[in-house]
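**Q** turn this into a model:
(one chain, ligands or ions: 1)
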Amino acid sequence: MAGPAISSPEWYLKVKDASSDIDRLTIYHFGFKQAANGTLIFAPLDFSTAPRAVLDIGTADGLWMRDVQSSLPSPPHGTHTFIGTDINESFFPASSPSTIRYIKQDIREPLPPSWQASFDLVNLRMILIAAGSGSAQRTVVNEHIKLVKPGGWIQIGDCDRICPTPVEENPRYHDMFACIRAVCHSSGADPLEAPNMKKWLEEAGLLDVQERTAMRAVGKRNLDEDLGSKGIEADLIIARGFADAAKGLGPSVKPLPEETLDTLVVDLEKELSEIGAYFPMRFIWGRKPS
Ligand SMILES: C[S@@+](CC[C@H](N)C(=O)[O-])C[C@H]1O[C@@H](n2cnc3c(N)ncnc32)[C@H](O)[C@@H]1O
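**A** Presented below is the predicted three-dimensional model:
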């Protein structure tokens with residue numbers, strides 16, 4: 001019987017060794033940041049003129065918030081404030097400055113009424129798949145748009161879950177994504193919604209909606225050798241989790257032959273070390289009318 005799919009809410013609730021999962025998420029954070037040339041906030045929100053309220057959904061240990069906070073200009077009066085939410089409280093740092101609060105919240109549950117129209121920026125990075133189906137993911141986006149102040153911004157980061165390079169170049173990276181898609185589908189989650197998200201924001205009435213793709217370079221493809229090799233370790237955790245889960249799928253939905261699944265992690269490690277690969281991210285942002 002397959003365990004919960006890595007990245008599902010059930011997986012994150014079962015994580016016992018929070019530090020090793022945080023290590024993986026930390027490597028991803030710096031990989032996404034590098035791929036976006038250092039940009040963490042794509043929305044053109046001015047932090048220098050007024051204190052801003054930021055909400056980060058599925059924050060884990062709040063690294064995105066902490067990295068953002070350390071890079072922002074101070075407003076002339078007051079301070080920028082951050083709230084990070086996550087289903088797994090064990091990820092939250094033991095202590096944090098008074099400007100950053102952590103709150104346990106499941107994205108599938110109703111949001112606190114006092115949060116309506118109260119944030120200048122709502123960030124949802126690598127979290128929407130946890131909602132499940134495409135329509136559930138879209139509902140989560142719409143519910144979080146309600147939390148944005150008039151004139152404020154929502155920003156989404158999600159991945160395509162399709163290897164962007166030809167199969168001849170990255171056969172095993174294609175296999176890893178095939179496992180991810182099959183396991184997501186079998187657990188009722190739609191893994192291919194990222195290309196639809198720009199339209200979701202436009203159809204929700206947001207303005208200035210924009211999208212940018214950013215390829216996280218893994219292994220040999222990364223000019224930063226250290227980040228490249230750490231990226232291999234992070235992706236192998238994903239590959240191992242999804243290949244194991246794929247083995248438990250029924251024959252009609254199993255994405256790859258058993259023997260390919262058996263050697264996927266070893267074969268992928270070789271491919272990433274010798275060739276490298278790109279993990280395709282999309283960032284989408286839009287402004288709520290004033
Ligand atoms: C892939 S990590 C992304 C972490 C962070 N947003 C980032 O981009 O680095 C997904 C996070 O969402 C959390 N999560 C999973 N299911 C959730 C749910 N239903 N509600 C809230 N958080 C959830 C996990 O505990 C984990 O911290």
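
**Q** rest of the way, CA atoms for contacts and neighbours
**A** Noted.

**Q** ok, residues contacting the helix or strand hosting S70?
**A** In the assignment (DSSP states H and E), S70 maps to helix 63-71. With contacts defined as CA atoms under 8 Å, 6 or more residues apart in numbering, helix 63-71 is touched by T26, H29, L40, I41, D56, T59, H80, F82, G84.

**Q** can you check stretch 260-269 too?
**A** Taking CA under 8 Å, 6+ apart as the rule, stretch 260-269 contacts R172, Y173, D175, M176, I232, L236, A239, R240, A243, D244, A246, K247.

**Q** that stretch: which residues count as buried?
**A** Of all the residues in stretch 260-269, those buried under the rule 16 or more other CA atoms under 10 Å are L261, L264, V265, L268, E269.

**Q** mind putting those residues in JSON lines, secondary structure included?
**A** Below are the buried residues of stretch 260-269 laid out as JSON lines (DSSP: H, G, I helix; E, B strand; the rest coil):
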{"residue": "L261", "secondary structure": "helix"}
{"residue": "L264", "secondary structure": "helix"}
{"residue": "V265", "secondary structure": "helix"}
{"residue": "L268", "secondary structure": "helix"}
{"residue": "E269", "secondary structure": "helix"}
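
**Q** the residue of the stretch 101-250 of the chain found nearest the ligand: how many residues sit nearby?
**A** The ligand sits closest to D106 of the stretch 101-250 of the chain, with a gap of 3.4 Å, by CA to the nearest ligand atom. By other CA atoms under 10 Å, the residues close to D106 number 17.

**Q** three-state assignment of it?
**A** Counting by three-state DSSP, the backbone at D106 sits in coil.

**Q** thinking again about what came up before, farthest pair within the contacts of stretch 260-269?
**A** The most widely separated members of the contacts of stretch 260-269, counting by CA to CA, are I232 and K247 (21.8 Å).

**Q** out of these two, which sits in the busier spot?
**A** Looking at I232 and K247 with other CA under 10 Å, you find the greater number of neighbours at I232, namely 24 against 21.

**Q** quick one: residues contacting F82.
**A** Counting by CA under 8 Å, 6+ apart, F82 has contacts A53, V54, L55, D56, M65, T99, I100, R101.

**Q** secondary structure element for the third one?
**A** Looking back up the chat, that one is L55. L55 is part of strand 53-57 when elements are defined by DSSP H and E.

**Q** hang on, the earlier thing: buried residues, the helix holding S70. List them.
**A** Those would be L63, W64, M65, Q69, for helix 63-71 by 16+ other CA under 10 Å.

**Q** tell me the pLDDT of the first one.
**A** Among the per-residue scores, L63 shows a pLDDT of 98.
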